[in-house]
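Q: 3D, please:
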Amino acid sequence: MSASVDKPCVHEGGIRPYFEQQIQDTEIRIQQTTQNLRRLEAQRNKLNNKVRSLKDELRLLQEPGSYVGEVVKVMGLKKVLVKIHPEGKFIVNVTKDIDVKKLTPSIRVCLKADSHDLYKILPNKVDPLVSLMMVEKVPDSTYDMVGGLDKQIKEIKEVIELPVKHPELFESLGIAQPKGVILYGPPGTGKTLLARAVAHHTECKFIRVSGSELVQKYIGEGSRMVRELFVMAREHAPSIIFMDEIDSIGSSRVEGSSGGDSEVQRTMLELLNQLDGFESSKDIKIIMATNRLDILDPALLRPGRIDRKIEFPAPTVAARTDILKIHSRSMNLTRGINLRKIAEKMNGCSGADVKGVCTEAGMYALRERRIHVTQEDFELAVAKVMSKNDETSTDSFEKQLSEVDQLFSQQGPTITVLQAYEDVIRTAKSQSSTDINLLAKLFFKKAIIEINLNKETQAISDLKHVLDMDPLMKPAKDKLSDILVSKADFESLEKYLDKKKDSGIYQIMDNFSKNFQSAEMLFNEKAYSECIDKLNEIMISSPDSYEVNELFYSANLEMYRNDTNMEINYMGEGLPCKKVIVLVLKKLVDINPMKNLGYYSTLSQFLLDFELQFENAVKVVKNCLKIDNEFKDCGKLSKYYSRFQDFLKILESYSIIQGHYYMNTENNVKLDDNDLIDPQIDFKFVVDFLFNDELKVSKLDKRHLPSDINDNYRYIKYQVSKFYEENGFPGVINDVLLIQDLEKLACQAYITIGDVKKAEPYCKAVNDSENPFLPKYIPEIDKYLKKNKFSKAETIMNKFNNNVKQTKLFTERWAKVEDYHRKLNEQRQQQYFHQQQQQQQHQHQQYRAQPPRAARKPKNDYYKILDIPRDADDKTIKKGYRTQTLKYHPDKYKGSDLTPEQIEKKMQEVNQAYEVLSDRDLRERYDRGDDPNDPTNPGQNQPQWQYQRGGGPGGGAGGHQNFNFNFGGDNQFFQQFFGGGQGNPFGHHKVKVKKNNKKRA
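A: Below you'll find the predicted structure:
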């Protein structure tokens, strides 16, 4: 029987080539697999990097906004004094990854909005966003390219071209050149084209920027970009700055609930500042463009900033004909084309639409492969463009609407989202088929965003539009009611109310009328406290009413005249009168910035005098002068701040530091940062400025000053007292924080530079009843230290809190007190050691003076017990002890001549013998005849311990106590410790311990 066996497939050349081929194939597969693995690893690394990048981007997007500040001074390794516009100066922490050495003064930094931690250094160079703005050396557009705008061309030539080309005409007439012009009208009417054309004819560089580009993520960045934009314009002069969509940053501040607090308002204020800052004679002109002139701030449009407003209406038939002629010049047209007829069919179209008609007509000719354009092509193009204007594609509009809703859900109420909604509304309004309800909803969403962005004026206007389109939209009515009730603008609100449905609002209106009349009556009767109580009731429902806040301010001012330390109720919170004055003035200025400019000067004075916020005080005055550059009160303060700014900045920083030194805290928190321990204040400059430099006033002002005002210190005090005396506060100067810190600074400055005599009158003027002021006590402390009366100096220095004790002024003197205590302790230790030596010598002398006692033979012969000679060494003693222990151990004793009691006694004798002979001191005593275990031995009567008290406080040096132990001659210590009356250090006896199972009572 034969069996078939499957043979392996063998290569023709034999086994060896076959396996070689297999090995080669395997190596190729390994190489391919390795290459694939490397490729996949590279892809994985790339994807991991992308994931990390996206995570970092997500983390940054989720972080709160940041502030941009400017470094004023580095206070230490962990703290920096930073100026944040417009909030003021703050001492902030520095994150670990920031090199403090790079934080030089005036450098821009980024701060976290929630913790104000400094986490990023920003570049000081011109921002790339600014440098990348569209800058054209000379635009190629000309007036010939502008059709139907003859009037507008004439006006812009007068305002822009004539001053640039012929400035001598204005000089000869003695009038100032116009600074700029604003172009307003619907989109596509030629505003940008005309701006480029005037830049071409004046040979100016054309800098174009959109207003939305100036709205940045970081607070303060928009303002900085405006500054750098004008810097770039000066570098490229002669130049024209064309600011399109100016309404995105130039909206009105009037009646805004928080005025210039938003970033957009900061940017606009900086723009106003720049418009005031450059001279009209310079070769820089401003052209602004907008399609919402109605919402622009009046301060932006006043003469001196924007000197001409030029309207760009929708083109007429004649204008459209001119535009058609311009754009069809280069086109190959057939004869007999009636452009006038085409223009008549384009009713409502803009200039951009007309240009689009020409392009579309050419496209129709191209489709039919013709080289000329016919009348029919134009008519088809008009129909297509008009259909786009009348009816935008539904899909496109819905997509735009979906995108803006998605943008709102991602970003929330931001400027970008607001502009997106404006575009959607513009698109919806251009469609004839747009549902009126949809348009009302879009306006309502836009109004909600404006409320969140503190644009309440625009929000009110949009909410009114909503109710005009849909009177039954309750959310819009409720929002409008809330805003107008808050402002107490009941006249505007009443037309939207229903007496039955809105009875609650009518009740608020009645209560407002009654309480306000009552408050006015109480004010006239000088019952100011009752008047304020009535106004507080009104402010629950109408906190943003200008009339209510103005009456509240007047009543509060009268109460402050009567009692400067009084606290009053302001919206449910008890606050000092002076604090309430500042809060109410801020609100009045925010609600209506232009109604009473006197409030600006008063607010600025109170901010400086009572809160020492110099930067904020300067900002308030600048805002005042932006509205009216000739307002005298603000002008005087501006001059005063300008002349004294170097010193007032130091005084502001000094006041911040003093607030940390002498803050009232229950636990007296200790400061750990070097920035507050010794601030870098130039006290030599302070002394020179206050007392040695020339008086910082004009010669004319010097003539009207009292004769005793001969230095800047007295002038500052005179300036403060004069203001409050003129306003009916004659005794308030002692309550002014500026005066208090001025006296402290003068005192400390003289003390620091070492002129104690001149410091005396200023230090005496410092009132430090609550918190002792260290520099005031420095002369007395130094006097005691000089006379080595360290205890008295220490008593004074213990008055101060832990924060003051860290200052250099304190630590330099405290080091002398500590040195005194160190030397005193050394002396006490030396005295103690000397006493110990004397005592030991005395004891030794007494011992030697005792007559020698006759030697007597001990009762027990320990050498015999251990069976060792008398000159046995330690090794022999141990060997003898071991031998005798083994011999008489109860478990190992083999003899029968001894009873168990005798064996135990033998073991006790062996143990006693070893205890004495193994101890060198006890053995010496035993050899002298003094057996430590003999109860009849006289050495047993010696005390077991001797207590010695040293000479230091509490006994001994440093107050410790010394104990010398003597355990007697009969080994009582071992007996007591090991029990049984017979000590056994080797534990040969078993000790039984009975547990007490009874519970303690």
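Q: Identify the residues contacting residue 878.
A: residue 918 (C-beta atoms under 8 Å, 6 or more residues apart in numbering). Glycine gets a C-beta too; all of them are placed from N, C-alpha and C.
Q: so which strand or helix has it?
A: Here residue 878 sits within helix 874-888, counting by DSSP states H and E.
Q: in that helix, what's buried?
A: 877-878, 880-881, 884-885, 887-888 (16 or more other C-beta atoms under 10 Å).
Q: Repeat that for stretch 753-773.
A: Those would be 758-759, 762-763, 765-766, 768, 771-773, for stretch 753-773 by 16+ other C-beta under 10 Å.
Q: in the stretch 601-750 of the chain, which spans are helices?
A: Assigned by DSSP state H, counting those that start in this stretch, the helices in the stretch 601-750 of the chain fall at 614-627, 632-661, 674-677, 683-687, 699-703, 712-726, 737-753.
Q: check which helix or strand covers the spatially closest residue to residue 490 that is not a sequence neighbour.
A: Of all residues not flanking residue 490 in the chain, residue 509 sits nearest, at 5.0 Å (C-beta to C-beta, 6 or more residues apart in numbering). Element membership for residue 509 (DSSP H and E) is helix 503-524.
Q: Mind listing residues that contact that helix?
A: So helix 503-524 is in contact with 481, 485, 488, 490, 493, 497, 499, 528, 530-531, 534-535, 537-538, 541-542, 547-548, 551, 554-555, going by C-beta under 8 Å, 6+ apart.
Q: quick revisit: JSON lines for the buried residues of stretch 753-773, including distance to residue 336?
A: Output for these, formatted as JSON lines (distance: C-beta to C-beta, whole Å):
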{"residue": "758", "distance to residue 336": "101"}
{"residue": "759", "distance to residue 336": "101"}
{"residue": "762", "distance to residue 336": "98"}
{"residue": "763", "distance to residue 336": "101"}
{"residue": "765", "distance to residue 336": "98"}
{"residue": "766", "distance to residue 336": "98"}
{"residue": "768", "distance to residue 336": "100"}
{"residue": "771", "distance to residue 336": "98"}
{"residue": "772", "distance to residue 336": "102"}
{"residue": "773", "distance to residue 336": "98"}
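Q: Please identify which pair of these lies farthest apart.
A: Within the buried residues of stretch 753-773, two members stand farthest from each other by C-beta to C-beta: 758 and 771, at 24.0 Å.
Q: before we move on, the earlier item: the helix holding residue 509 - what's its average pLDDT?
A: The average pLDDT within helix 503-524 is 88.
Q: Distance from the chain centre to that helix, please.
A: 42 Å (C-alpha atoms, centre = their mean, to the nearest Å).
Q: So which bits of it are buried?
A: 505, 508-509, 512, 515-516, 518-519, 522-523.
Q: Contacts only, for the nearest residue to residue 913 once chain neighbours are set aside.
A: Spatial nearest neighbour of residue 913, excluding adjacent residues (C-beta to C-beta, 6+ apart): residue 862 at 3.7 Å. Taking C-beta under 8 Å, 6+ apart, we find residue 862 in contact with 912-913, 916-917, 926.
Q: Repeat the analysis, applying 10 Å as the threshold.
A: 868, 870, 877, 880, 909-910, 912-917, 923, 926, 931, 933 (C-beta atoms under 10 Å, 6 or more residues apart in numbering).
Q: Of those, which belong to helices?
A: The members of the contacts of residue 862 that map onto helices under DSSP state H are 877, 880, 909-910, 912-917, 923, 926.
Q: of all these, which comes closest to residue 54?
A: residue 915 (83.3 Å).
Q: what are the ranges of the helices in the stretch 451-600 of the chain?
A: 456-469, 474-487, 490-493, 503-524, 528-539, 546-562, 577-591, 598-611.
Q: Which of those has the lowest mean pLDDT?
A: Mean pLDDT per stretch puts helix 490-493 lowest among the helices of the stretch 451-600 of the chain, at a mean of 82.
Q: tell me what the lengthiest helix in the chain is packed against?
A: Ordering each helix of the chain by length in residues (DSSP H) puts helix 15-62 first. Helices and strands touching helix 15-62, as assessed by 3 or more C-beta pairs under 10 Å, 6 or more residues apart in numbering; DSSP states H and E, are absent.
Q: Let me know the next secondary structure element after it.
A: According to DSSP H and E, the helix or strand after helix 15-62 is strand 66-74.
Q: Quick test: name the residue nearest the centre of this protein.
A: residue 116 (1.9 Å; C-alpha atoms, centre = their mean).
Q: didn't that residue look like it was pressed against residue 89?
A: No - counting by C-beta atoms under 10 Å, residue 89 is not a contact partner of residue 116; they are 11.5 Å apart.
Q: so what sits against both of those two?
A: 69, 82.
Q: any idea how far residue 886 is from residue 157?
A: 133 Å (C-beta to C-beta, to the nearest Å).
Q: Buried subset of the contacts of helix 503-524, written for ChimeraX?
A: Per 16+ other C-beta under 10 Å, the buried members of the contacts of helix 503-524 correspond to this ChimeraX selection:
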select :481,485,488,490,493,497,528,531,534,535,538,541,542,548,551,555
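Q: I'd like the distance between residue 554 and residue 599.
A: 11 Å.
Q: Sorry, wrong one. I was asking about residue 880.
A: Residue 880 is 110 Å from residue 599, by C-beta to C-beta.
Q: Kindly report the same for residue 574.
A: 24 Å.
Q: repeat for residue 398
A: From residue 398 to residue 599 the distance is 50 Å (C-beta to C-beta).
Q: ok, now residue 223?
A: Counting by C-beta to C-beta - residue 223 and residue 599 are separated by 24 Å.
Q: Residue 329 reaches residue 322, doesn't it?
A: No - with contacts counted by C-beta under 10 Å, residue 329 stays clear of residue 322, the gap being 11.4 Å.
Q: who has more neighbours, the two?
A: Neighbour tally, residue 329 and residue 322, criterion other C-beta atoms under 10 Å: the higher count belongs to residue 322, 21 against 11.
Q: Now the nearest residue to the more buried one once chain neighbours are set aside: which helix or strand?
A: Computed as C-beta to C-beta, 6+ apart, the closest residue to residue 322 that is not its neighbour in sequence is residue 147, at 3.6 Å. Counting by DSSP H and E, no helix or strand carries residue 147.
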